[in-house]
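In: Okay, structure incoming, though there's no sequence with it:
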């Protein structure tokens, strides 16, 4: 069964995407770190059986495992949220304490380093390199399947329309405005629930 998978990195509008997907009727979870487990070799992997219970998942660790998710759920729709790299780094540094706390947890520490290449958010050069590499690699992975990937800037005027057309969904009753979250320094309480929810 196909899923809707938000595979943009954090601070690219993934919270807004999650709420938009909920508005469209999906059982969506943002930053589902509880899906991480260790396999028999001790390697951190995504628990695909638990992932199967959700309609839509976004952000890390989803972005790290998009290839594996594509293999297990072959009819899925993938959404790569994007933004300017320089503004992305500034936004990442605004939530330094939250990212530090997340990266201290054993399994998330490995995923955090794997995707970002560093645990030091002061290493702007490494972060930008990994950010751009992730976006390139995702688009290369889907190069011959353009109907499976939507590259989306949630700040674009018709972002919600693009999302609805991609998923074959009507515009939600509240109108054509894309939900906006995370404009400040702090995560929402709802996101904290998503981090720990079973």
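Out: Nice, I can see it. Predicted model only: the values in this text are computed from it and were never measured.
In: C-alpha only now, for contacts and for neighbours.
Out: OK.
In: Report all helices and strands that the top helix by length along the chain contacts.
Out: Using DSSP state H, we find that the single longest helix of the chain is helix 124-141. The contact analysis (3 or more C-alpha pairs under 8 Å, 6 or more residues apart in numbering; DSSP states H and E) places helix 124-141 against helix 85-94, helix 106-116.
In: Next SSE downstream of that helix?
Out: strand 149-152 (DSSP states H and E).
In: what about this protein, any weak spots by pLDDT?
Out: 96-103, 175, 181-198 (pLDDT under 70).
In: if we go to 50?
Out: For the chain, the stretches with pLDDT under 50 are 184-186, 189, 198.
In: For it, just list every one of the helices.
Out: Under DSSP H, the chain gives helices at 14-23, 48-51, 66-72, 85-94, 96-104, 106-116, 124-141, 159-167, 189-196.
In: what's the closest of these to residue 38?
Out: helix 106-116 (8.1 Å; C-alpha to C-alpha).
In: Please compute how far the closest one lies from its chain's middle.
Out: Its chain's C-alpha centre and that of helix 106-116 lie 14 Å apart, by C-alpha atoms, centre = their mean, to the nearest Å.
In: What are the contacting residues of it?
Out: With contacts defined as C-alpha atoms under 8 Å, 6 or more residues apart in numbering, helix 106-116 is touched by 33, 36-37, 44, 61, 64, 102-103, 118-119, 126-127, 130-131.
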